[in-house]
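Undergrad: whatever this is, show me its structure:
(one chain, ligands or ions: 1)
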Amino acid sequence: MKLLEDRIRTDGTVKSESVLKVDAFLNHQMDVKLFMAMAEEWQRLFAGKQIDKILTIEASGIGIAAIAASVFDVPVVFAKKSQSINLDGTVYCTRIQSFTHGKVFDVIVSKKFIGEGEHVLLIDDFMANGCAMNGLIEVCEHAGAVVEGIGIAIEKGFQHGGDSLRERGYDLQSLAIVESMDPETGEIVFR
Ligand code: 5GP
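TA: Numbering: from 1, shown residues only. Model prediction:
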């Protein structure tokens, strides 16, 4: 998506060989008009698919997923980071390795909000190694929900989470795929 690629080039910063900072428009300050254009692009890319619900993960996916939910006219649920262990069986729980913090944390989704046979679109701001999306896929599998597609704003193609999900047959649509980036020069090459 050229609009997003241009914005990454003008307002994104290559923090290191593996981390791209886009907090000026995506995951701290948020450009909602850009989110709207991104959501419309996902609507075009996933046209013809049954989407009953959007599922994302706390925190930085929530803004994008909320706008997408408005465009798809479906409810949006975010998986919550949780400190407490599920004792009463009312939530689906999975463990996710955080790319940005390096830690493993538990995330939960209430069984009330994701149901058997529902067709779910997963949305997130970034795809790196795919841990966050694999965790959400696991939640959907536990619930008996169908993962219709995965919409990612920025995929870092050199980190291969996206490629392995495509190999497993998931319909993954990333709006910008960074093939390489150079922290010395700031140069970003898109796929
Ligand atoms: P993965 O789980 O695919 O390894 O990493 C994706 C998650 O880590 C996303 O939810 C995103 O919040 C965070 N993330 C991964 N790479 C980056 C990055 O380069 N910049 C930022 N800001 N977040 C990232």
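Undergrad: quick check: residues of this structure near the ligand?
TA: Applying C-beta under 6 Å from any ligand atom, one finds that the chain approaches the ligand through 19-21, 27, 57, 60, 99-100, 124-132, 161. Heads up, the C-betas are built off the backbone N, CA and C, glycines and all.
Undergrad: does the closest residue to R166 other than its chain neighbours have beta-bridge partners, and which?
TA: Nearest residue to R166 in three dimensions, chain neighbours excluded: L172, at 5.4 Å (C-beta to C-beta, 6 or more residues apart in numbering). With DSSP bridges as the criterion, L172 is bridged to I150.
Undergrad: just the residues of the chain next to the ligand: which are in helices?
TA: Secondary structure from DSSP state H places 131-132, 161 of these in helices.
Undergrad: wait, what's in contact with V71?
TA: Residues in contact with V71, defined by C-beta atoms under 8 Å, 6 or more residues apart in numbering, are 36, 39-40, 42-43.
Undergrad: out of the ones in helices among the residues of the chain next to the ligand, which end up buried?
TA: Under a neighbour-count criterion of 16 or more other C-beta atoms under 10 Å, the subset of these counted as buried comprises 132, 161.
Undergrad: would you mind writing the ChimeraX command to select the buried ones in the residues of the chain next to the ligand?
TA: Paste this into ChimeraX to select the buried members of those, with burial taken from 16+ other C-beta under 10 Å:
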select :20,27,57,60,99,124,125,126,127,128,129,130,132,161
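Undergrad: which of the residues of the chain next to the ligand fall within strands?
TA: Counting by DSSP state E, the residues of the chain next to the ligand place 20-21, 57, 124-127 in strands.
Undergrad: taking the residues you listed, tell me the two that lie furthest apart.
TA: Checked with C-beta to C-beta, these reach their widest spread between K21 and I57, with 19.0 Å between them.
Undergrad: my guess is the residue nearest to R166 contacts G157, does it?
TA: No: with contacts defined as C-beta atoms under 8 Å, L172 does not count as touching G157, sitting 11.4 Å away.
Undergrad: which one's more surrounded, the two?
TA: L172 (21 against 18; other C-beta atoms under 10 Å).
Undergrad: helices of the chain, start to end?
TA: Using DSSP H, the helices found in the chain span residues 2-11, 32-45, 62-72, 131-143, 161-167.
Undergrad: using CSV, lay out these together with distance to K81.
TA: Putting the helices of the chain into CSV (distance: least, C-beta to C-beta, whole Å) gives the following:
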stretch, distance to K81
helix 2-11, 26
helix 32-45, 22
helix 62-72, 12
helix 131-143, 11
helix 161-167, 19
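Undergrad: how about TSV for these, with distance to A153 and mean pLDDT added?
TA: Output for the helices of the chain, formatted as TSV (distance: least, C-beta to C-beta, whole Å; pLDDT from 0 to 100):
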stretch	distance to A153	mean pLDDT
helix 2-11	7	98
helix 32-45	6	98
helix 62-72	6	98
helix 131-143	13	97
helix 161-167	12	98
